[in-house]
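*Asks:* Fold the following and give me the result.
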Amino acid sequence: MYTPRAFAVDDLSQLHELILATRLAILVSHGAQGLQASHVPVLLHREQGEHGTLYGHLAKANPQWKDLRDGAEAMVIFAGPDAYVSPGFYPGKAEHGKVVPTWNYVAVHAYGHAETFSDGGRLLDIVSTLTDRHESNRATPWKVDDAPADYIDGMLKAIVGFAIPIDRLEGKRKLSQNRSAEDIAGVREGLAASPDFTDRTLAHLMR
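*Replies:* You can find the predicted model right below:
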């Protein structure tokens, strides 16, 4: 990922927080069938390895799991909030007009080589933990064991699990740090006034 020094995130705890804040990641690999990508929820175990380990699963019918099994390097993209930055946000637009649009965003790329597995116990642990995480804010959370056990067993047979010990992490927070204080304030105020929730989220990150 192209990351000018002003935008780089090196602190491991910040990188982990950005990963945890992303609900759906993009798993990218390259193997015998060329480039493949899948959109998947993943779990981060921070205590495992230097950078942590990512866990998730793919449908057995999805051939990408074979890339992981065969040792292809995987990249997992965690795309945080993003926002279009209008030239109209910059005070300089009225002064000299030498401004152009850009985009502010937050992202983390994690790289590693995966282990794949089909063990029912490990798969059940992953899907149960993912379910509990994403059901936690519901008034009546659904749990995996709410479904019949034989049905869940059948569903588990249709997926393949993966564990990716993270070899390296790249983080980027492009939040107008390369602009003047006046321009940063203009972008922050412009995004804060937007009716779009994600724009306002970016404005909050720029504080």
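*Asks:* got the buried residues for stretch 85-94?
*Replies:* Across stretch 85-94, burial judged by 16 or more other C-beta atoms under 10 Å covers 85, 86, 89, 90, 92. From N, CA and C alone the C-beta is placed, and that goes for glycine too.
*Asks:* That stretch: how far from the chain's middle?
*Replies:* 30 Å (C-alpha atoms, centre = their mean, to the nearest Å).
*Asks:* Likewise for stretch 8-22?
*Replies:* Worked out by C-alpha atoms, centre = their mean, stretch 8-22 lies 10 Å from the chain centre.
*Asks:* Just the residues contacting it, thanks.
*Replies:* Identification of contacts with stretch 8-22 by C-beta atoms under 8 Å, 6 or more residues apart in numbering yields 25, 44, 46, 51-52, 78-80, 106-108, 110, 169, 171-173.
*Asks:* May I ask which of the residues you listed has the most neighbours?
*Replies:* residue 110 (27 neighbours; other C-beta atoms under 10 Å).
*Asks:* give me the beta-bridge partners of that residue?
*Replies:* Beta-bridge partners of residue 110, counted by DSSP bridges, are residue 76, residue 169.
*Asks:* who's in contact with residue 112?
*Replies:* 54, 73, 74, 164, 165, 166, 167, 168.
*Asks:* can you count the residues close to the second one?
*Replies:* Same thing as residue 73. Residue 73 has 16 nearby residues by other C-beta under 10 Å.
*Asks:* quick one, what contacts it?
*Replies:* 29, 30, 111, 112, 113.
*Asks:* List just the nearest of those residues to residue 60.
*Replies:* Closest approach between the contacts of residue 73 and residue 60, by C-beta to C-beta: residue 29, at 16.0 Å.
*Asks:* wait, is the closest one part of a strand?
*Replies:* Yes. Under DSSP: H, G, I helix; E, B strand; the rest coil, residue 29 falls within a strand.
*Asks:* neighbours of the closest residue to it other than its chain neighbours, just the number please.
*Replies:* Distances taken as C-beta to C-beta, 6 or more residues apart in numbering put residue 67 closest to residue 29, at 4.1 Å, once the chain neighbours are dropped. When counting by other C-beta under 10 Å, one arrives at 23 neighbours for residue 67.
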